[in-house]
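Novice: from the sequence below, what's the structure:
(chains A and B)
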Amino acid sequence: MKKGLGRKSFLALTLACTMLATACGKSESGNATAAAGGDAIKVGILHSLSGTMAISEDTVKNSTQLAIDEINAAGGVLGKQIAAVTEDGASDPAIFAQKANKLVSDDGVATVFGGWTSASRKAMLPVFEKTGNLLWYPVQFEGNECSPNIMYSGAQPNQQTLPAYDWAKEKGYKNFFLVGSDYVYPRTANLIVKKHLEKDGLKLAGEEYQPLGGTEFSGVIGKIKAARPDIIFNTLNGDSNVAFFKQMAAAGLTPKVIPVMSFSIGEQEAQAMGPALVEGSYAAWNYFQTLDGDANAKFIKAYKAKFGEDKVLTDPMVHGYVDVYVWKAAVEKAGSTDPAKVRAAAVTLDAVDTPLGKVNFVKNNSLVQTAYIGEADPKGQFKILWTSKGAIQPEPYDPLAFPGKTCSIG
Amino acid sequence: MDAAFLFGQLFNGFSVASLYILAALGLALSFGLMRVINMAHGEILMVGSYLAYLTILFVPGPMGIIVAMLVAFLGAGMLGGLLEVTLVSKLTSRPLDTLLATWGVSLILQQAARDLFGATGVSVTAPAWLDGGFALGPLQLPTIRLFILLLAALILGGLAALLRYTRIGLLVRAVNQDRATAAAMGVNVRQVDAFIFALGAGVAGVGGVVLALLGPVTPTVGQGYIVTAFLVVILGGLGSVVGTTLAALMIGLFMALSQIFVDVSFAQVLTLIFVILFLQFRPQGVIAVRSRALDAE
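Specialist: Numbering: from 1, shown residues only, chains lettered A, B, ... in the order given. This is a model prediction of the structure:
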């Protein structure tokens, strides 16, 4: 009898620990960071701080927080301090939806900054549409979506995928191999690339997907070897990239042998993977840390002062940072934190000075911005090889891949 | 289809199978002996990966990885032993409770790794002597994959020798055949259980080192392999070492060869269908075929 009880309490203890671990794992919950009283404006920050996407998203959370701290130090918004509530989406779309709902409904935040994978954005979208709140989404994506409740500050396909494609075409690459994580962004971005390959009479050498977080690339690499492409377009996300580049190198396929153009690898990922692994490979973004300009130099300095001298800056981090400033400008123009009024103000603002240069949102809720192609150097920084002719107007629907669709937000 | 691609995929099949063997052996051993399904097995792989990372911080240089395998084997083995003594042995009569409890342990270990090393994961760089490849006609075989194949073969051989020729091996076989009789004959069944659990965990620890050479080391690194490892154990039948090896080879080769005709993500679906169909016709798994063949000899 005594023994039985012992076992029961043991099991109960195990269960309690399990629940505790789950709770700790899934939530960096609820602590408003600014030491503000009831008069503060609450905003949400929602990123993956654990799981396969944490390698990329953790730092976007940091840069968003940096912008909030800077604004608070300069007097806040409408005379009030901003209080950030940070939540962990745990690389799981369902948790993103649940946390978005918590932020908007329970915490009553004025707006939310966050998301990375398209799967997480698609999962959060209904929450923001239902509650009428506003999400600021900082990452490049596949387009084919337009909602009045999301501000898309990352690149649309015509601001990243297509400039990279055009650049590769100009360089004389004719045979493209597409590798991606198996979810909406890579599949849609690759659909667009395929339509353009078809139109231009170029060749698709192959197209392969790995589950998000997958690390076994021997099959994919076997196919790449057999297909002998001129260039690989890499839309793998998160730390799958580490496995991909490691196993490519082991198979003798360094970026020098077959060039790789990546769409989700920035300075942070290059650093985390070990720069030697990606040296000589290409990336397409709207920002590189090596970009000239005073605003960028100031941003880099401030970030390093707060998070460490060895830290690097990436495109999504800058967009996470820029979003807060645009939100602030829009709130001040609208004289209110009401999401609908803020959106209306945001798309009619004059260009805001940011580390990206002067940028502004247009009617389709997306950012007008310049595209760059960079080449990874031995330090994991990117040498800018190519710059688009001026800023590119965002276009969520590629006319070849999605004929007849347009974005009309009232 | 060119021959290099075909042979390349054949090699990939063996290479992937060797990973599955390292990941599944421990599961098969503890299931075979105790009928315990260890949900924390993936996290033991993960612990092996982090031990490799830590070892290489302290022992850089070409031999670091060898030391790391030793450290990971001992460290993961001790963790497995501890888990068996404190938890699994208390619950062996209730398989569902073991399932739940070890799942709890897996979450705790993941969270511990997250707190200790950060959520973003760390990286282990393979030593220079594992770089490059080995040319075999038109085929370029990555040295690192050859190394893993060799390692899996060595571990399998060592395990077979241990079970076949040593006294502890004799005891393990006795408990495996008839637990009650073995106990009645004076075999300390508890100790045999703990030993096998620790040994299986140690092998998983070495598997973790191998994963660290191929990809990122994250708190969830074991999760990616654990489902396939369970699949291998089920397909192998009754948790036998021979069955596990054959099943790992079958799954690895099936996956690699089906990739010749379909894309990589669909090959995974086909593999699952293959396992389901196989078990429809042979619910006992592969080993039954093997043992009958042996009996007939």
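
Novice: what stretches of chain B score poorly on pLDDT?
Specialist: Counting by pLDDT under 70, the ranges of chain B that qualify are B:1, B:238-239, B:288-297.

Novice: got a list of what residue 182 touches?
Specialist: This is for chain A. Residues counted as contacts of A:Asp182 (C-beta atoms under 8 Å, 6 or more residues apart in numbering or on different chains) are A:209-212, A:214, B:265. All C-beta spots, glycine's among them, are computed from the backbone N, C-alpha and C.

Novice: wrong one, chain B
Specialist: Taking C-beta under 8 Å, 6+ apart, one finds B:171, B:174-175, B:189, B:192 in contact with B:Ala182.

Novice: most neighbours, which of those?
Specialist: B:Val175 (25 neighbours; other C-beta atoms under 10 Å in any protein chain shown).

Novice: now it, what's its secondary structure?
Specialist: Secondary structure, DSSP: H, G, I helix; E, B strand; the rest coil: B:Val175 is helix.

Novice: how far away is it from B:Gly237?
Specialist: Distance, B:Val175 to B:Gly237, using C-beta to C-beta, to the nearest Å: 19 Å.

Novice: swap in A:Ala90?
Specialist: The spacing between A:Ala90 and B:Gly237, counted by C-beta to C-beta, is 36 Å.

Novice: do A:Tyr287 as well
Specialist: Taking C-beta to C-beta, one finds A:Tyr287 at 55 Å from B:Gly237.

Novice: between those two, point out the one with more neighbours.
Specialist: Neighbours were counted for A:Tyr287 and for B:Gly237 using other C-beta under 10 Å; A:Tyr287 has more, 28 against 25.

Novice: chain neighbours aside, what residue packs nearest to that one?
Specialist: Counting by C-beta to C-beta, 6 or more residues apart in numbering or on different chains, the nearest residue to A:Tyr287 once its immediate chain neighbours are dropped is A:Asp315, at 4.2 Å.

Novice: repeat that for A:Pro148.
Specialist: Nearest residue to A:Pro148, sequence neighbours excluded (C-beta to C-beta, 6+ apart): A:Ile409, at 4.8 Å.

Novice: hang on, the one you found packs against A:Asn365?
Specialist: Yes - look at A:Ile409 against A:Asn365 with C-beta atoms under 8 Å: they come within range, at 6.1 Å.

Novice: which residues do those two both contact?
Specialist: Jointly contacting A:Ile409 and A:Asn365 under the rule C-beta under 8 Å, 6+ apart are A:146-148.

Novice: quick one: end-to-end length of stretch A:251-264, please.
Specialist: Stretch A:251-264 has an end-to-end distance of 22 Å (C-alpha to C-alpha, to the nearest Å).

Novice: relative to B:Met46, how far out is B:Ala112?
Specialist: 10 Å.

Novice: got the residue ranges for the helices in chain B?
Specialist: Applying DSSP state H to chain B gives helices spanning B:3-34, B:41-58, B:64-83, B:89-91, B:95-117, B:143-165, B:167-177, B:179-184, B:189-214, B:223-236, B:241-258, B:264-281, B:287-296.

Novice: which residues touch the nearest residue to B:Leu235 once chain neighbours are set aside?
Specialist: Closest residue to B:Leu235 apart from its sequence neighbours, by C-beta to C-beta, 6+ apart: B:Ala247 at 3.9 Å. The neighbours of B:Ala247, taking C-beta under 8 Å, 6+ apart as the test, are B:24, B:231-237, B:285-286.

Novice: around chain B, which positions in the stretch 151-300 of chain A sit nearby?
Specialist: Residues of the stretch 151-300 of chain A lying near chain B by C-beta under 8 Å from any C-beta of the partner chain: A:182, A:207-211, A:213-216, A:218-220, A:222-223, A:225-226, A:239-240, A:242-243, A:246-247, A:249-252, A:272-274.

Novice: dump the residue contacts of the residue nearest to A:Pro148.
Specialist: When contacts are counted by C-beta under 8 Å, 6+ apart, A:Ile409 touches A:146-148, A:363-365.

Novice: next one: A:Asn296
Specialist: Counting by C-beta under 8 Å, 6+ apart, A:Asn296 makes contact with A:289, A:355-356.

Novice: which one of the contacts of B:Ala182 is nearest to A:Ala330?
Specialist: B:Val192 (69.4 Å; C-beta to C-beta).

Novice: that closest one: what's it in contact with?
Specialist: B:33, B:168, B:171-172, B:175, B:182.

Novice: measure the residue nearest to it when sequence neighbours are not counted to B:Thr98 for me?
Specialist: Closest residue in space to B:Val192, ignoring its immediate chain neighbours: B:Val175 at 4.8 Å, by C-beta to C-beta, 6+ apart. Distance of B:Val175 to B:Thr98, given as C-beta to C-beta: 17 Å.

Novice: re earlier: what about the residue nearest to A:Pro148, distance to chain B?
Specialist: Relative to chain B, A:Ile409 is positioned 35 Å away (C-beta to the nearest C-beta, to the nearest Å).
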